[in-house]
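> Task: produce atomic coordinates for the following.
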Amino acid sequence: MRLEIICQDRLGIAQDVLDILVNYEIDLRGIEIDIAGKIFLNFPNIKFEDFQQFMPEIRRIKGIDDVKTTPFMPIEREQNQLRALLQTLPDPIFSLDTKGRILLVNEAVTATVEQSADSLLGEEIGEYLRGFTFQKWLEGNPLAAQTQKVSFLEQDFLADILPVMIPDAGGESILAGALIMLKSEFRLEQQLTVFHQISNDSFASVQANSNVMKKVVKEATRMAELDGPILIFGETGTGKEMLARACHEASRRASGQFLPLNCASLPDSVAETELFGYAPGEFGQKEGKAGILEQAKGGTLFLDEVGDMSHQLQSKLLRVLQNGTFRRVGDSNEVTVDVRIVCTTQKDLPKLVEDGEFREDLYYRLNVLSLTVPSLRERKSDIIPLADRFIKQHCMKLGRRAPKLSKSCIDYLQSYSWPGNVRQLENALYRALSLLEGNEMCKEHIQLPSSATNVNFIPEEFEGSLEEEVKRYEKSLLRRLYPFYPSTRQLAKKLGLSHTAIANKLREYGINKKTVKL
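Residues are numbered from 1 along each chain as shown. Modelled structure (predicted):
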């Protein structure tokens, strides 16, 4: 039988309880007093009649508030919880005393050695583990946790050796033993695989505190479930590729590959072979090569800066979108491919279509589902959360403590125009962290071009009049804002103009629901 006695902190109260046990000739097996002052008693079961007299006597002791039975003593509860924890862990675990003798093992050990736990108790750990000398580890000063490769039943394991320390009467920590946890190569591979798996929330990597970015993520989440092409607009460095990857990872094609091709970085001939591959014998090669379009079968092909694609490649890409077929360079045979195409551009594609630099039919084939990633200037509330994320990521790589951002630094980051957007913010913070001394980052630590504090919308050299350049910028601004404010009244309110003035400008620039994908 076990009792829990709830009492006040009074000198001699425990002795009064013990005196009653002596009067009833009860053999006390154990007594504990927890940090809250409760008294726990463990003794053999007594007759019901004696129990009826025994309990009221304890309750009458001055300072005792309540007495009730309990299934466990605190130490028993802790031991049972520890045993349950050890038994559920899938890796072999040994608990040792200070001589290296086995005190406790879990089921993973007994199943591996095919012996009972009782037969292992008291055995030297050296009888089972090779490559590790317990006594040598004990001689270490200071004694510290250690990880090393060991052999357990002629198989290699990674062992974590952890000291078990308890406080002595003077409050000093003394060694009570050790815990050894083993990890097999197979288990390590399993854990690494899980570690590198994509999060169930594919868009978790996209920072979206601002309303405008929340809207983009909400739309992207819906589009990811579909299978049509996605066209992502946005300035350089806004995170278009990250959004494209998130769409792939949230789609039914997530198990397939996500293969990128930058249309602006490769010459036309190289881009064509990279995209479509080539036939055997072409370019003096005996064997042919599959392009990334073919390699991405069942997955996603990501075309970065599609606005820079040549007319020849545009024609071939159009055929893929229309028929799902293409030909390798130098081959007459058709290849059928099932792939989703996601494109990005920082250029004004409708303007390129007007100028004849981009195929109109391809534009409408690509612009089935479209997203516009706002610039960092348009999502001010995302700047500091992004900065905090980058600082933590880079500090982990640099092996240093993450510094605090001073108020001057926060104000500076939020007021800066960020022409390079998120990429520029990340690079600026990385440079500052690399050179920072101390635990606070101030405005002075972040070096950015001062001329960028005001957005330089107009290039230093341009052809045409000021009026033409202003109209060009005005058209670009209205085209970027229109998807977020598709009502002329909403857009007028945003820009502080009359409804009529905005309607006239949209009509003048040909901006409507047909020319701009919402």
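
> surely residue 501 meets residue 491?
No: contact status for residue 501 versus residue 491: not in contact, 10.3 Å apart, counting by CB atoms under 8 Å. Where you see a C-beta, it was placed from the backbone N, CA and C, and this is true even at glycine.

> Looking at the two, which has the bigger crowd around it?
Between residue 501 and residue 491, residue 491 has the larger neighbour count (other CB atoms under 10 Å), namely 21 against 12.

> Can you tell me the closest non-neighbouring residue to that one?
Nearest residue to residue 491 in three dimensions, chain neighbours excluded: residue 485, at 4.1 Å (CB to CB, 6 or more residues apart in numbering).

> Quick check: phi and psi on that neighbour?
Torsion angles at residue 485 (phi, psi; degrees, to the nearest 10) stand at phi -130, psi 70.

> What's the local residue count around it?
Counted with other CB under 10 Å, the neighbours of residue 485 add up to 16.

> where's it relative to residue 476, distance?
Distance, residue 485 to residue 476, using CB to CB, to the nearest Å: 15 Å.

> And for residue 367?
Using CB to CB, residue 367 is found at 17 Å from residue 476.

> and these two? which has more neighbours close in?
Between residue 367 and residue 476, counted using other CB under 10 Å, the more crowded position is residue 367 (18 against 14).

> Quick check: that one vs residue 343, distance?
9 Å.

> go on, residue 136?
Counting by CB to CB - residue 136 and residue 343 are separated by 62 Å.

> the more surrounded of the two?
Comparing residue 136 with residue 343 by other CB under 10 Å, the one with more neighbours is residue 343, at 26 against 8.

> Could you list the domains of this structure?
As given by automatic domain parsing, the domain ranges for the chain are 2-75, 89-192, 202-372, 376-453, 466-509.

> With adjacent residues omitted, what lies nearest to residue 166?
Spatial nearest neighbour of residue 166, excluding adjacent residues (CB to CB, 6+ apart): residue 176 at 4.7 Å.

> actually residue 492, not the one I wrote
Per CB to CB, 6+ apart, closest to residue 492 is residue 502, 4.2 Å.

> The one you found - that's part of a strand, no?
No: the assignment for residue 502, made by DSSP: H, G, I helix; E, B strand; the rest coil, is helix rather than a strand.

> residues of the helix or strand hosting residue 160 that come out buried?
Applying DSSP states H and E as the criterion places residue 160 in strand 155-167. Neighbour-count burial for strand 155-167, counted by 16 or more other CB atoms under 10 Å, picks out 157-159, 161, 163.

> Let's have the residues you listed in TSV, adding pLDDT.
Shown next, in TSV, are the buried residues of strand 155-167 (pLDDT from 0 to 100):
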residue	pLDDT
157	93
158	93
159	93
161	92
163	91
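
> follow-up on the earlier one: what's the first helix or strand after the strand holding residue 160?
The first helix or strand that comes after strand 155-167 along the chain, using DSSP H and E, is strand 173-184.

> I'd like to know which elements that following strand is packed against.
With contacts defined as 3 or more CB pairs under 8 Å, 6 or more residues apart in numbering; DSSP states H and E, strand 173-184 has these neighbours: strand 93-96, helix 134-138, strand 155-167.

> Stretch 363-379: how far from the chain's middle?
25 Å (CA atoms, centre = their mean, to the nearest Å).

> Give me the buried positions along it.
363, 365-376, 378-379.

> Could you do stretch 237-253 as well?
Per 16+ other CB under 10 Å, stretch 237-253 contains these buried residues: 237-241, 243-251, 253.

> same deal with stretch 344-355?
Across stretch 344-355, burial judged by 16+ other CB under 10 Å covers 344-346, 348-353.

> okay, now the residue lying closest to residue 302 once chain neighbours are set aside: neighbour count?
Excluding its sequence neighbours, the residue lying closest to residue 302 (CB to CB, 6+ apart) is residue 260, at 4.2 Å. By other CB under 10 Å, 16 other residues sit near residue 260.

> Check which helices and strands the strand or helix carrying residue 260 sits against.
Here residue 260 sits within strand 258-262, counting by DSSP H and E. The contact analysis (3+ CB pairs under 8 Å, 6+ apart) places strand 258-262 against helix 240-249, helix 268-276, helix 292-295, strand 300-304.

> Which neighbouring residues are in contact with the closest residue to residue 94 other than its chain neighbours, exactly?
Closest residue in space to residue 94, ignoring its immediate chain neighbours: residue 180 at 4.5 Å, by CB to CB, 6+ apart. Contact partners of residue 180, counting by CB atoms under 8 Å, 6 or more residues apart in numbering, are 93-94, 96, 125, 129, 159-162.

> and what of residue 38?
4-7.

> Can you say which of those are buried?
The neighbour-count test (16+ other CB under 10 Å) marks 4-5, 7 as buried among the contacts of residue 38.

> just those now: which is nearest residue 111?
residue 4 (37.3 Å; CB to CB).

> How confident was the prediction at the closest one?
Per-residue pLDDT puts residue 4 at 91.

> could you list every residue that touches it?
38-40, 67-70.

> From those, which land in helices?
Using DSSP state H, no member of these falls within helices.

> Return the member of those nearest to residue 467.
Nearest member of the contacts of residue 4 to residue 467, counting by CB to CB, is residue 38, at 85.3 Å.

> And the closest one, how close does it get to residue 175?
From residue 38 over to residue 175 (counting by CB to CB), the distance is 30 Å.

> if we can go back for a sec, what is in contact with residue 367 and residue 343 at once?
Taking CB under 8 Å, 6+ apart as the criterion, residue 367 and residue 343 both touch 229, 231.

> Tell me which stretches of the stretch 401-518 of the chain form strands.
Counting by DSSP state E, counting those that start in this stretch, the segments of the stretch 401-518 of the chain that form strands are 404-405, 440-441.

> Dump the ones you listed into CSV; add distance to residue 107, mean pLDDT and mean neighbour count as well.
As requested, the strands of the stretch 401-518 of the chain are exported to CSV (distance: least, CB to CB, whole Å; pLDDT from 0 to 100; neighbours: other CB atoms under 10 Å):
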stretch, distance to residue 107, mean pLDDT, mean neighbour count
strand 404-405, 47, 92, 17
strand 440-441, 50, 92, 17
